[in-house]
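Colleague: Below is the structure, and that's it, no one-letter string:
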Ligand SMILES: [Zn+2]
Ligand SMILES: [Zn+2]
């Protein structure tokens, strides 16, 4: 094995990623070294490089939708075997001891560390991960179709669980997460109403092609009141918009890590037991439940694949809304 690796590194907020050669890292106790096959591009990566997340330990290697193969085992690492395919998600480490970890809410761990943020991520030929936080992935699937499941799929799934059992589901922002959660929701017998940027006919056609009952711009009103709304677009103004689309008792779930400010709105829009909440990170239990479901009913992932060296261009595409489905970076 070569003793060096390369990565696309973010050296500070607002700066383009730069290609760097580094010594190959050694996995520590309980860790594995992973040879990255592909890494998905998430909107959170954009918030990171734009300096919208608190206190990143620059320089940072982004990327938390990692599909790769185990290339070396650290001392005491026994969960995986050499050459096995694993997935590395956003949740990279938790303390196991705090009030949140001890109450089944490790997604809120006070000392949590996240992949591609506090831990160098998958925009790289190699990465190191705690073996307890990796997921097993099918060997026979194309890796680029697995990558978006590791954040977009998982966060969408957690958001759907938190939205309650309502039948009419609004989805605001029809990108990587929405196109996966729409399929999960429809398999559960729900109806999906997709709201996109006003005038984005391509995204609306895309939503209809995946079975959405209705698709329109966020300046339009869905034909039926919604039981729940999932917000994937990082636009605070969509919170009052979605509240106005909700039936009584409905919930708006904000699924992004960062959002522009939410404008004020009349209390009457919240009245009627409507609620607004966020969804933060994931637990390993979310992952087990989600991947269990995907094994039974595979999801169609729509991906655009690019070489890792083009990460800057891909982030720009995502920023300007040019990505249909999910963008994935391939190392080779
Ligand atoms: Zn904890
Ligand atoms: Zn993500």
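Modeller: Thanks, I have the structure now. Just so it is clear, the structure is predicted and the values come from calculations on it, not from any experiment. Numbering: from 1, shown residues only. Ligands and ions are numbered 1, 2, ... in the order given.

Colleague: So what's the gap between the biggest strand by length in the chain and the chain middle?
Modeller: Across the chain, the longest stretch assigned as strand under DSSP state E is strand 31-41. Relative to its parent chain, strand 31-41 has a centroid offset of 16 Å by Cα atoms, centre = their mean, to the nearest Å.

Colleague: Report all helices and strands that it contacts.
Modeller: Judged by 3 or more Cβ pairs under 8 Å, 6 or more residues apart in numbering; DSSP states H and E, the packing partners of strand 31-41 are strand 66-73, strand 85-88, strand 126-130, helix 143-146, helix 311-319, strand 326-330. Yep, even glycine has a C-beta here, placed from its N, CA and C like the rest.

Colleague: Let me know whether the fifth one sits next to ligand 2.
Modeller: Right, helix 311-319. No - counting by Cβ under 5 Å from the ion, ligand 2 has no neighbours in helix 311-319; the shortest distance is 11.4 Å.

Colleague: Can you list the buried residues in that helix?
Modeller: Residues of helix 311-319 classed as buried by neighbour count (16 or more other Cβ atoms under 10 Å): 311, 314, 315, 317, 318.

Colleague: From ligand 2, how far out is the fourth one?
Modeller: The one in question is residue 317. As judged by Cβ to the ion, to the nearest Å, residue 317 and ligand 2 stand 16 Å apart.

Colleague: show me what contacts the spatially closest residue to that residue that is not a sequence neighbour?
Modeller: Spatial nearest neighbour of residue 317, excluding adjacent residues (Cβ to Cβ, 6 or more residues apart in numbering): residue 323 at 5.2 Å. By Cβ atoms under 8 Å, 6 or more residues apart in numbering, the contact list for residue 323 reads 41, 175, 176, 304, 314, 317.

Colleague: And the closest residue to ligand 2 within the stretch 51-200 of the chain, how close does it get to residue 248?
Modeller: Taking Cβ to the ion as the measure, the point where the stretch 51-200 of the chain comes nearest ligand 2 is residue 151, at 3.2 Å. Relative to residue 248, residue 151 is positioned 32 Å away (Cβ to Cβ, to the nearest Å).

Colleague: One more: residue 110?
Modeller: For residue 110, the distance to residue 248 - Cβ to Cβ - is 36 Å.

Colleague: Over to residue 254?
Modeller: Using Cβ to Cβ, residue 254 is found at 20 Å from residue 248.

Colleague: ok, the two, which is more surrounded?
Modeller: The residue with more neighbours, out of residue 254 and residue 248, is residue 254; 24 against 10, by other Cβ atoms under 10 Å.

Colleague: is the more buried one in a bridge, and if so with what?
Modeller: residue 231, residue 278 (DSSP bridges).

Colleague: That one: what's it in contact with?
Modeller: 231, 239, 276, 277, 278, 279.

Colleague: number of nearby residues for the first one?
Modeller: It stands for residue 231. Counted by other Cβ under 10 Å, the residues lying close to residue 231 total 28.

Colleague: cool, and residue 310?
Modeller: For residue 310, the neighbour count with other Cβ under 10 Å is 15.

Colleague: picking up where we left off before, kindly reformat the contacts of residue 323 as TSV containing pLDDT.
Modeller: Shown next, in TSV, are these (pLDDT from 0 to 100):
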residue	pLDDT
41	97
175	93
176	95
304	97
314	97
317	95
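
Colleague: Greatest separation within those: which pair is it?
Modeller: Using Cβ to Cβ, the pair of the contacts of residue 323 lying farthest apart is 175 and 314, separated by 13.2 Å.

Colleague: and the residue of the chain positioned farthest from its centre, how far is that from residue 276?
Modeller: Relative to the centre of the chain, and counting by Cα atoms, centre = their mean, the farthest-placed residue is residue 268 at 32.7 Å. Counting by Cβ to Cβ, the separation of residue 268 from residue 276 is 14 Å.

Colleague: Same check on residue 287?
Modeller: Residue 287 sits 26 Å away from residue 276, taking Cβ to Cβ as the criterion.

Colleague: Between those two, point out the one with more neighbours.
Modeller: A count of neighbours by other Cβ under 10 Å puts residue 287 above the other of residue 287 and residue 276, at 22 against 18.
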